[in-house]
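Participant: Can you look at this prediction? I've put the sequence above it.
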Amino acid sequence: MSAAPARRPADLVIFGGTGDLAMRKLIPALYHCDRDGLLPSGTRVIAMSRSGLGDADYRDKVRAEVSVPGATPDDWRRFLTRLHHVSVDISAGVSAGGTNAGTGWDHLTALLTGGEERDRVFYLASPPMTFGPFCRGLGAAGLVTPASRVVLEKPLGRDLASAQRINDEVGEIFSESQIFRIDHYLGKETVQNLLVLRFANAFLEPIWNSLWIDHVQITVAETVGTPGRRGYYDHAGALRDMVQNHLLQLLCLVAMEPPSRNDREAIRDEKVKVLQALRPISGTEADRFTVRGQYTAGHVGGCAVPGYLDEPGSTPPTEASGRVETFAAIRAEVKNWRWAGVPFYLRTGKRMPFRHSEIVVRFKDVPHSIFPGGSPNRLVLRLQPSEGIELHLMAKEPGAGEVALRPVPLSLSFGQAFQGRVPEAYERLLMDVLTGNPTLFMRRDEVEAAWQWIDPILATWETAGTPPEPYPAGTAGPDGARELLGRSGRTWHEEEPA
């Protein structure tokens, strides 16, 4: 499943090219793609912003602010020659029939003129409210060619209605086949290996169902809080920011049926079926099947940290601040034959004890155990901080006397097994965009199906009138999260015996 080299030179235009995402993720990923020989000669990276920088200024900024371990001076010099900068004010618009001189659109047009046959990618590393205006500006400037594509970063709206509006606005300029809605979790090696693990190995498929699997846990835990970001997070929250996209995408890959072929649309078709099969959660069921929390002051990694309402550098707290969730847990069910009765527990939170993302498939007990002290088998797929797969089996402890059992992991670390650097998710996804492969990107019906399931939960929370359950920073979330599993005699993965 490795990305193929771009077929021909391309122009990659990054709107928001001086922002945090571009400098922290996109530019380093493109450097690695260039160093590995994946970017053809002549491919250009054109950053767009309102900063007024020239090409040399932008290259100096990248040189000063972007850090890539192991980069060599020669590789950097070669890569920096690919970088350009254009200052554009999209709020100025474009006049009918052409660009407005002085707004920057004319400079972008001049830079792209003559390259109409090249692959042309517009990456919108900017807030979703800019997607429509930017695409309209491209259309009015005549910059959208048959070989053009547009990449949309999350969050794609804040509910179904706003997502549909954004999709409509972008869809006026780009066809659905040209739109790449990105979720960087889908570019992680472990996520891609989940498909290989399931569909390229015969031993798992016969037991990948409700007869053998007790439940599935999907966790994305972060140690960071929201310093300086409360203005954004007050209107997002964990459910919109993480569950609607990252966690539901992981659920789809675990629960999807085997596609008929490794095809760009066959895989996405199966993911949509999973979202459509999710049991709705609304009204009183939200109290039973969902938990929301907000962190208070505590300690993370031995350091004292403030609560959400007291994060430094943020806007003053408002009424919305007291209601927003920094932690969310959900008991989801996929209503089909394969997964009938198997709960999927989704969990995400900020200011957790340690940073990790993982999928845990917990199998059922053996039908009749002849050994005391056994525990169920577990398959653990680690997405971060170190990607890998562990299968926890029962084994006998060495020694004479009575048989004593202990769970032992069969471990696969990608970094150790393949003796090399594990590529960052954005490297894979950027190459897929440049080669026109949409398999790991979300289709419009997929995004909207996810919002259709999330919206009733949001509506119930927003009308409940009760604040999120507090939890001290540095703990594993509110007590309600443990009760969510405890009601059925289950526990979270980290609380089970090692």
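Facilitator: Ah, there it is.

Participant: what about the nearest residue to Glu257 once chain neighbours are set aside, helix or strand, and which?
Facilitator: Of all residues not flanking Glu257 in the chain, Glu270 sits nearest, at 5.2 Å (C-beta to C-beta, 6 or more residues apart in numbering). To be clear about C-beta, it is placed using only N, CA and C from the backbone, and glycine gets the same treatment. Here Glu270 sits within helix 266-277, counting by DSSP states H and E.

Participant: what sits up against that helix?
Facilitator: Helix 266-277 is contacted from outside by 195, 248-249, 251-253, 255-260, 334-336, 438-439, 442-443, 445-446, 449-450, 452-453, using C-beta atoms under 8 Å, 6 or more residues apart in numbering.

Participant: and the residue nearest to Glu257, how far is that from Leu253?
Facilitator: 9 Å (C-beta to C-beta, to the nearest Å).

Participant: Show me which of the two is the more surrounded one.
Facilitator: Counting neighbours by other C-beta atoms under 10 Å for Glu270 and for Leu253 shows that Leu253 has the greater number, 21 against 17.

Participant: Which helix or strand contains the more buried one?
Facilitator: Secondary structure from DSSP H and E places Leu253 in helix 248-255.

Participant: so what does that helix touch, helix or strand wise?
Facilitator: helix 189-199, strand 213-221, helix 266-277, strand 343-349, strand 356-363, helix 444-464 (3 or more C-beta pairs under 8 Å, 6 or more residues apart in numbering; DSSP states H and E).

Participant: between the first one and strand 356-363, what angle do the directions make?
Facilitator: Between the axis of helix 189-199 and that of strand 356-363 there is an angle of 20 degrees, by axes from the mean of the first three to the mean of the last three C-alpha atoms, to 10 degrees.

Participant: Now do helix 189-199 against helix 266-277, angle only.
Facilitator: Using the same axes, to 10 degrees: helix 189-199 against helix 266-277 is 90 degrees.

Participant: Quick one: residues in contact with helix 189-199.
Facilitator: Contact with helix 189-199 is made by 1, 185-186, 204-205, 208, 250, 253-254, 258-259, 267, 359, 381-383, 387-389, 414, 422-423, 428, 440, as judged by C-beta under 8 Å, 6+ apart.

Participant: per-residue confidence averaged over it?
Facilitator: Average pLDDT, helix 189-199: 84.

Participant: Quick check: buried residues in it?
Facilitator: Buried residues in helix 189-199, counted by 16 or more other C-beta atoms under 10 Å: Glu189, Thr190, Val191, Gln192, Asn193, Leu194, Leu195, Leu197, Phe199.

Participant: next one: the third one
Facilitator: When neighbours are counted by 16+ other C-beta under 10 Å, the buried residues of helix 266-277 are found to be Ile267, Arg268, Asp269, Glu270, Lys271, Val272, Val274, Leu275, Ala277.

Participant: Need these in CSV (columns: distance to Gly70).
Facilitator: As requested, the buried residues of helix 266-277 are arranged in CSV below (distance: C-beta to C-beta, whole Å):
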residue, distance to Gly70
Ile267, 33
Arg268, 35
Asp269, 40
Glu270, 38
Lys271, 35
Val272, 40
Val274, 39
Leu275, 40
Ala277, 45
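
Participant: Tell me the one of those residues nearest Thr145?
Facilitator: Arg268 (24.7 Å; C-beta to C-beta).

Participant: distance of the closest one from Arg487?
Facilitator: 35 Å.

Participant: Likewise for Val150?
Facilitator: 45 Å.

Participant: what do you get for Pro456?
Facilitator: 21 Å.

Participant: more crowded one of those two?
Facilitator: Taking other C-beta under 10 Å, Pro456 and Arg487 do not tie; Pro456 has more neighbours (15 against 10).

Participant: so what's the more buried one closest to, chain neighbours aside?
Facilitator: Spatial nearest neighbour of Pro456, excluding adjacent residues (C-beta to C-beta, 6+ apart): Ser282 at 3.6 Å.

Participant: hang on, Tyr295 packs against Phe327?
Facilitator: Yes: the pair Tyr295 and Phe327 passes the contact test of C-beta atoms under 8 Å, sitting 7.1 Å apart.

Participant: what sits in contact with each of those two?
Facilitator: With C-beta under 8 Å, 6+ apart as the test, Tyr295 and Phe327 both reach Gly349, Lys350, Tyr471.

Participant: What strand or helix carries the last one?
Facilitator: Tyr471 is part of strand 469-472 when elements are defined by DSSP H and E.

Participant: Quick check: which helices or strands does that strand pack against?
Facilitator: Counting by 3+ C-beta pairs under 8 Å, 6+ apart, strand 469-472 packs on strand 290-296, helix 479-486.

Participant: out of those, nearest to Gly142?
Facilitator: Across those, closest to Gly142 is strand 290-296 (C-beta to C-beta), at 47.2 Å.

Participant: In its sheet, which strands sit next to that closest one, and in what direction?
Facilitator: strand 327-333 (antiparallel), strand 469-472 (parallel) (DSSP bridges).

Participant: how far is it from where the chain is centred?
Facilitator: With C-alpha atoms, centre = their mean, to the nearest Å as the basis, strand 290-296 stands 21 Å off its chain's centre.

Participant: Which secondary structure elements does the helix or strand following it sit against?
Facilitator: Per DSSP H and E, the first helix or strand lying C-terminal to strand 290-296 is strand 298-300. Packing partners of strand 298-300 (3+ C-beta pairs under 8 Å, 6+ apart): strand 303-305.

Participant: Following the chain past the strand it packs on, name the next helix or strand.
Facilitator: The helix or strand immediately downstream of strand 303-305 is helix 319-323, counting by DSSP H and E.

Participant: could you give me the average pLDDT of that following helix?
Facilitator: Regarding helix 319-323, the rounded mean pLDDT is 87.

Participant: buried stuff in that helix?
Facilitator: For helix 319-323, using 16+ other C-beta under 10 Å, the buried residues are Ser321, Arg323.

Participant: what does that helix contact?
Facilitator: Helix 319-323 has contacts (C-beta under 8 Å, 6+ apart) with Arg230, Asp234, His235, Gln294, Tyr308, Leu309, Glu462, Pro467, Pro468.

Participant: quick one: it to chain centroid distance?
Facilitator: Remark: helix 319-323 is offset 26 Å from the chain centroid, using C-alpha atoms, centre = their mean.

Participant: can you check stretch 132-145 too?
Facilitator: Remark: stretch 132-145 is offset 27 Å from the chain centroid, using C-alpha atoms, centre = their mean.

Participant: again, but for stretch 34-53
Facilitator: Worked out by C-alpha atoms, centre = their mean, stretch 34-53 lies 23 Å from the chain centre.

Participant: Would you mind measuring the gap between the ends of that stretch?
Facilitator: Stretch 34-53 has an end-to-end distance of 23 Å (C-alpha to C-alpha, to the nearest Å).

Participant: cool, and stretch 153-166?
Facilitator: 12 Å.

Participant: How about residues contacting it?
Facilitator: Applying C-beta under 8 Å, 6+ apart, the contact partners of stretch 153-166 are 21, 123-126, 128, 131-132, 152, 167, 181-183, 235-236, 240-241, 244-245, 447-448, 451-452, 454-455, 458.
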